[in-house]
Each structure stands twice: as structure tokens, then as C-alpha cells.
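Enquirer: I'll drop the sequence and a predicted model, then ask my questions.
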Amino acid sequence: MSPSTTTRWQTLYRRFLALVVRPTAPPIWLGVLVAAGFIAAELVLVEQLKRVAPENAFGAVFLLGVLVVSAGWGFGLAVATSLASAAVYVYIHSEGADSFVPAVLVFLSLALLANVLAGQARLRALEAEQRRLEADLSAELARSTLRAEDLNAALDAAGCRLADVLDLPFAVLDPSDVPGDDGRAAITLRDGGEVVGRLMVPANLPAAARQRVERMVPSLEALMAATRDRQEITAALTALVKQQAALRAVATLVARGAEPSEVYPVAVSELARGLGVEHVTLVGYDDGVGVVLATRDSPDRATMIVGEQFPLAGDNLSAQVVRTGEPARIDDYSTAKGAIADRMRGLNVCSGVGAPVIVDGKVRGGLMVGSIVAEPLPPETEHQVGDFADLLATAISNAENRAALKASRARIVAAADEARRGFERDLHDGAQQRIVSLGLQLRALETSAQGSTREGIDRAVTDLMEVHEHLQEISRGIHPAILSRGGLGPAIKTLARRSAVPVVLDAGMDRRLPESIEVAAYYVVAEALTNTAKYAQASEIQLHASCDDHELRMTISDDGVGGAVADAGGSGLIGLKDRVEAVSGRMEIASPAGAGTTLTVTIPLGG
């Protein structure tokens with residue numbers, strides 16, 4: 001059987017069932033017409049059948065109309081139909097009036113039996129159809145409610161649908177424990193022993209309608225319990241998503257190497273947003289004093305101020321965190337003691353949770369959250385605050401390690417520069433001066449000597465002068481005199497003139513810079529020009545240098561073969577990168593194969 005044929009039969013069946021199980025009988029006039037039609041048809045049929053058999057053989061034909069009318073209409077019309085059918089039966093039989101009373105008794109008995117059986121069948125079928133509708137309604141409400149985005153609107157729609165199917169003036173599903181009144185009866189919906197809501201229906205319902213409502217109660221209880229569970233799951237998932245997003249925002253800052261002063265305000269704001277609390281404070285601990293490093297309160301409330309200080313005494317979150325090095329909580333600030341507790345009460349904070357910020361095993365601060373609601377914060381709050389505190393500890397540790405590394409690198413570079421200057425002074429003031437003095441002495445001897453002796457002295461003086469010039473070159477390489485005397489601009493011009501590869505120079509350096517910056521920039525240029533001459537196979541170098549009140553910028557590019565790598569062994573570029581970073585600068589290298597090499601150096605003048 002095809003699906004369309006099956007659907008058609010199902011439709012016909014539903015229509016027939018709706019006709020049979022209708023709660024009231026069809027109109028009486030229709031019953032009269034049906035009874036008259038059956039009696040007339042029966043009479044015609046019997047008259048035709050009498051031609052082939054005795055008429056007594058067809059008396060049962062007159063029972064057909066009685067049975068149909070008895071099954072479809074009330075007992076009164078069934079009695080009238082029975083009397084009329086009995087009269088027609090007697091009319092066409094030969095016994096006459098003697099058979100009327102027995103016929104009436106038989107017809108009435110069958111009419112009564114048919115009417116009772118049909119009524120019972122109608123009631124059972126009607127009840128079965130009602131239960132089917134109620135089951136369909138339960139499934140429909142479960143689907144629509146549990147899939148809805150707005151649960152309150154879904155419950156309102158479910159109440160309207162319930163009233164429509166059960167033929168009620170109204171029905172309201174309320175998840176709260178609301179009482180009834182004179183016009184509304186409140187049916188309590190429970191999940192075990194816990195009240196999950198109320199069903200509000202008209203107070204004076206008929207017994208049948210009340211029975212149908214009560215049959216729906218178990219399904220509605222399951223629906224309300226599932227709705228409550230879904231609300232809890234949705235709320236938990238929403239909170240988790242917010243918390244993870246807040247953690248991710250702070251973790252991204254930490255991973256990028258942001259300074260703690262940049263991380264602090266973001267951390268307290270994201271924590272407040274993620275937990276939905278009104279107050280968050282980050283406190284730094286120093287010699288028994290708490291200092292507010294960052295704070296976040298609701299815009300319409302009084303707030304703490306960055307830089308506020310409080311003694312770490314009394315019974316409060318900061319004191320507990322310092323003392324134990326563990327997360328702590330206060331569920332009622334009215335019992336807390338100390339200056340910080342007084343300040344919290346002034347901000348209407350009722351409860352709070354704090355977690356330590358631990359760096360290198362030492363409690364360096366505390367991250368505190370507070371709620372203005374007179375209820376304890378959830379038990380998982382310590383763990384959530386601790387995650388943010390760990391990120392702050394990482395940010396502090398990273399910043400301190402970077403600062404220590406930068407200071408160490410700067411000390412190493414400064415020591416190397418000072419050693420170079422010492423070597424230059426030693427060469428200039430020691431060996432070079434002695435060579436010059438010895439040359440003068442030899443020249444004096446040369447004037448009094450003759451012949452081969454004079455020639456020997458002349459050659460010795462010449463050799464000494466060559467040694468002197470060589471030492472001068474070494475001295476300039478160790479610490480260029482031009483850099484000390486004229487500054488970075490003239491020193492760069494000197495390097496450009498000495499370069500083996502032609503240099504197009506654009507250097508707008510009209511003032512002296514801090515010595516450490518000038519030395520770093522000088523060696524970057526010197527090493528870049530040397531590397532280009534040795535490895536780049538370039539025909540030209542472009543060198544641009546400029547500075548303003550904030551930073552020095554240099555770009556050195558060539559048209560060579562490219563392919564330079566900063567961390568390649570022996571390249572010298574990694575050493576330059578370290579030197580630039582030692583003065584808080586930044587050096588970037590772009591060297592695609594076959595497209596030349598470009599060094600970009602930026603050094604802040606405050607570094």
C-alpha cells in the first residue's frame with residue numbers, strides 16, 4: 001500500500017472516529033430522518049423478498065434500523081423507532097395484532113441493549129481519543145519548550161496550547177510557587193518532594209474537565225522538571241563560556257608579554273564580567289600593607305581608588321590570604337574586622353572570595369571579588385578566582401624576568417664597552433706614546449749617525465711608524481674616536497666613506513644621543529656594512545638614519561643575494577640583535593633569497 005493511500009485511509013478513519021465518539025448525539029431531526037429512511041427501505045426490501053420466500057423469514061430485517069438508531073441517538077428515539085418498526089413488522093405479517101406485543105418486546109430489548117453497548121463504546125472511544133490527544137500534547141509541549149530560546153515565552157505558549165486542547169478558559173504554567181485565588185486553582189507540580197511550579201486553571205471546573213487536567217499533571221511535572229534542569233544547565237554553560245572568554249582575554253595579554261600595569265585593569269574587569277560580581281580588587285602586599293593595584297565596581301556605586309593603602313591586620317580576606325597563602329572566603333562581611341573590612345562594608349559588599357597571587361613561592365598580592373547580594377558566593381568561586389590570580393602571577397613573573405634579562409644584558413654590553421674604552425686608553429696612553437717617544441729618540445740618533453748606521457736607524461723609525469699606525473687602526477676598531485668626539489652622525493658618515501660597497505646615505509642626526517645608544521647604533525651599521533661587503537654580492541647600500549624626541553630609527557638595505565638568517569652561527573646578526581635589545585630597542589631582518597637584505601632598527605631614546 002502506498003504512503004498516499006495509507007494517509008487517505010487514516011484521514012477517513014479519523015473522520016469516522018470523530019463522528020462516532022462525538023460527546024453529544026447528532027441532532028434529533030437527523031435521527032428521525034434516519035429512522036424513517038431505514039423503515040421505508042426495510043419495507044421495500046421485505047416486499048421484494050416476499051416473492052421468493054415466506055414473509056416470516058425476513059422479520060429480522062426490521063431490526064437493522066432499530067440497531068442503528070439505538071447506537072447513534074438517545075434511548076427515546078430508539079423506543080420510538082422500535083415501536084414504529086414493530087408496527088410495520090406486524091402490518092406485513094399475517095398474524096396481525098397478535099404478534100405486535102412480542103415484536104415490541106423483542107425490538108425494545110434489542111434497542112436497549114444496543115443503546116447501552118453503543119454508549120459504553122462511545123465513552124471508551126472518546127476517552128481513548130482524549131488520552132491520545134493528551135499524549136500528543138505532552139510530546140508537543142516537551143518539544144516546543146525544551147527547544148525554545150526564551151523559556152518563559154515557551155511556558156506561556158504551552159499554557160495556551162494546554163487550554164486549547166483541554167477546552168479550558170485558560171491554563172497557566174508558572175515555574176514559581178504562586179498561590180491560587182478565588183478564580184484560579186493552583187495545582188502543585190513536583191519533582192519528587194521538590195516543588196517545580198504550579199498549574200493555574202479555573203477554580204470551578206466540571207468533574208470531567210478536572211479529571212482530564214489531573215491526567216496531564218504527571219506529564220507537566222516531568223516537563224517542568226526538565227525545564228528547570230535545562231535552565232540550570234543553560235545558566236551553567238553560559239557562565240562557563242563567559243568565564244572562559246574572560247580568561248582567554250587575560251591569557252592573551254599575558255602571552256603577548258604585556259606589562260603587569262596593562263594586565264591588572266583588564267584582569268579585574270574580565271573577572272567581574274565572567275563571574276557577574278559587583279566588586280573586584282587586586283591588592284599588592286608590601287611590608288604588612290596592602291596597596292590597591294586595580295579595582296572594578298559597578299558604575300553607579302562608590303569605588304575603591306588605585307593606590308589606596310590598608311594595613312593587613314584584622315579578620316578579612318587580605319589578612320587570611322597573606323597568612324595562609326591559600327584561597328579564602330567571607331560569607332558575611334558584617335563579622336569581618338580591620339580597615340579593609342570597614343572599606344568593604346562602606347561599598348555595601350556582603351560576601352567575598354580571595355585568592356593569592358604567588359610569585360616565586362611568595363605571596364605578592366591577592367585578587368578579591370565581592371558581592372552585594374546577601375548570599376554566599378558559589379563554592380566554585382575560589383577555583384575561578386584562582387585561575388585569574390595564576391595568570392596575574394605569570395604576568396608579574398614574566399615582567400620581572402624580562403626586566404632582569406634586560407638589565408643583565410645591558411650590564412654585559414656596558415662592561416664590554418667599558419673594556420673597549422680601557423683597551424683604547426691603554427693603547428693610546430701606553431704603547432702608542434712609547435712608540436712615538438722611541439721614534440723621536442731614533443730620529444735624534446739619526447742626525448748624529450752616518451753611513452749604514454744612519455740608514456738602519458731610518459728603517460727602524462719607518463717600522464715604528466707603521467706599528468704606530470697599525471695600533472691606531474686597532475684602537476679605532478675597539479672604540480672609534482670619531483664616535484666619542486663627533487657623535488653618531490659623523491661616525492656613520494665615516495663608516496659609509498670607508499665601506500667597500502658604495503653607500504647612499506641619508507642621515508639626519510643633528511644632536512648627540514645617550515652613549516649606550518650611539519655605541520649600539522654604530523656597531524649595527526659597522527657590522528651590516530661588513531657583512532654586505534663579505535657575503536651579499538651587492539652593488540649598492542641604502543642607509544637611512546633619523547631620530548626625534550622619542551626614538552632613533554635606522555634602515556640599512558642592499559641589493560644583494562639575500563638569505564641572511566639572524567640565528568645562523570657566526571653571522572654576527574644575533575649579537576647585534578642582543579645589543580639593540582639591551583638598550584630596549586628592536587631589530588627586524590628581512591632577507592628573502594635573491595631580493596637583498598634589509599635591517600630595520602628602532603631604539604627608544606629613553607632606553
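Expert: Yep, it's here.

Enquirer: From here on, just use CA atoms for contacts and neighbour counts.
Expert: Will do.

Enquirer: What segments of the stretch 101-250 of the chain are helices?
Expert: Remark: helices assigned in the stretch 101-250 of the chain by DSSP state H, counting those that start in this stretch are 151-165, 207-255.

Enquirer: pLDDT weak spots in the stretch 301-450 of the chain?
Expert: Within the stretch 301-450 of the chain, the segments meeting pLDDT under 70 span 301-302, 403-450.

Enquirer: can we see that at 90?
Expert: 301-325, 328-352, 354, 357-450 (pLDDT under 90).

Enquirer: Helices of that one, start to end?
Expert: According to DSSP H, counting those that start in this stretch, the helices that the stretch 301-450 of the chain contains are 317-324, 339-346, 381-426, 432-448.

Enquirer: Export the helices of the stretch 101-250 of the chain to JSON lines and append columns for distance to Tyr89, mean pLDDT and mean neighbour count.
Expert: Formatted as JSON lines, those follow (distance: least, CA to CA, whole Å; pLDDT from 0 to 100; neighbours: other CA atoms under 10 Å):
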{"stretch": "helix 151-165", "distance to Tyr89": "47", "mean pLDDT": "77", "mean neighbour count": "17"}
{"stretch": "helix 207-255", "distance to Tyr89": "42", "mean pLDDT": "78", "mean neighbour count": "16"}
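
Enquirer: I'd like those written out as JSON lines, with distance to Leu43 added.
Expert: Shown next, in JSON lines, are these (distance: least, CA to CA, whole Å):
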{"stretch": "helix 151-165", "distance to Leu43": "46"}
{"stretch": "helix 207-255", "distance to Leu43": "43"}
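
Enquirer: what's the closest of those helices to Asp506?
Expert: Nearest to Asp506 among these is helix 207-255 (37.9 Å), distances taken as CA to CA.

Enquirer: What are the contacting residues of the very next helix or strand once past that closest one?
Expert: From helix 207-255 onward toward the C-terminus, using DSSP states H and E, the following helix or strand is helix 260-275. Helix 260-275 has contacts (CA atoms under 8 Å, 6 or more residues apart in numbering) with 239, 242-247, 249-250, 253-254, 278-282, 293-296, 369, 385, 388, 392, 395-396, 399.

Enquirer: Now helix 260-275 - C-alpha only, CSV.
Expert: Taking C-alpha atoms only, helix 260-275 is exported to CSV below (Å, rounded to 0.1, in the frame of the first residue of the first chain):
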residue,chain,number,x,y,z
PRO,A,260,51.6,44.0,34.6
SER,A,261,50.2,47.5,34.7
GLU,A,262,48.4,46.8,31.4
VAL,A,263,47.1,43.4,32.6
TYR,A,264,45.8,44.4,36.0
PRO,A,265,42.8,46.6,34.9
VAL,A,266,41.8,44.1,32.2
ALA,A,267,42.0,41.2,34.6
VAL,A,268,39.7,42.7,37.2
SER,A,269,37.2,43.9,34.6
GLU,A,270,37.1,40.5,32.9
LEU,A,271,36.8,38.7,36.2
ALA,A,272,33.9,40.8,37.2
ARG,A,273,32.2,40.2,33.9
GLY,A,274,32.9,36.5,33.9
LEU,A,275,31.6,35.9,37.5
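
Enquirer: Can you check what angle separates that helix from helix 207-255?
Expert: Orientation note: helix 260-275 sits at an angle of 170 degrees relative to helix 207-255 (axes from the mean of the first three to the mean of the last three CA atoms, to 10 degrees).

Enquirer: what's downstream of helix 260-275, the next helix or strand?
Expert: Helix 260-275 is succeeded, C-terminally, by strand 279-286 (DSSP H and E).

Enquirer: That next one: which residues count as buried?
Expert: 279-285 (16 or more other CA atoms under 10 Å).

Enquirer: Same question for stretch 351-361.
Expert: Applying 16+ other CA under 10 Å to stretch 351-361 flags 351-359 as buried.

Enquirer: and of the buried residues of strand 279-286, the nearest to Ser499?
Expert: Once CA to CA is applied, the member of those that ends up nearest Ser499 is Gly284, at 54.9 Å.

Enquirer: Do I have it right that the closest one meets Val306?
Expert: No. The pair Gly284 / Val306 is not scored as a contact, 10.7 Å apart, by CA atoms under 8 Å.

Enquirer: Mind listing the shared neighbours of these two?
Expert: 291-293.

Enquirer: Show me the one in the residues you listed that has more neighbours than the rest.
Expert: Neighbour counts for the shared contacts of Gly284 and Val306, by other CA atoms under 10 Å, peak at Leu293, which reaches 22 neighbours.

Enquirer: Check the gap between that residue and Met368 for me.
Expert: Using CA to CA, to the nearest Å, we find Leu293 at a distance of 12 Å from Met368.

Enquirer: Tell me, what's the model's pLDDT at Pro54?
Expert: Listed pLDDT for Pro54 reads 61.

Enquirer: Touching stretch 232-247 from outside, list them.
Expert: Outside stretch 232-247, the residues touching it (CA under 8 Å, 6+ apart) are 270-271, 273-275, 384, 387-388.

Enquirer: The closest residue to Gly284 other than its chain neighbours: what's it in contact with?
Expert: The shortest distance from Gly284 to any non-neighbouring residue, by CA to CA, 6 or more residues apart in numbering, is to Gly365 (4.1 Å). By CA under 8 Å, 6+ apart, the contact set of Gly365 is 282-285, 290, 322, 356-358.

Enquirer: Return the two entries of these that lie farthest from one another.
Expert: So, the contacts of Gly365 by CA to CA: farthest apart are Gly290 and Ile358, at 14.8 Å.

Enquirer: related to what we said a few turns ago, and the shared contacts of Gly284 and Val306, which of them are in helices?
Expert: In this view, the shared contacts of Gly284 and Val306 have no member that belongs to helices under DSSP state H.

Enquirer: between Leu293 and Met368, what contacts are shared?
Expert: 281-283.

Enquirer: Pipe those residues into TSV and attach pLDDT and distance to Gly487 per row.
Expert: Formatted as TSV, those follow (pLDDT from 0 to 100; distance: CA to CA, whole Å):
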residue	pLDDT	distance to Gly487
Thr281	88	50
Leu282	88	47
Val283	88	47
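
Enquirer: for the stretch 51-200 of the chain, what spans make up the strands?
Expert: Along the stretch 51-200 of the chain, counting by DSSP state E, counting those that start in this stretch, strands occupy 172-174, 184-191, 194-202.
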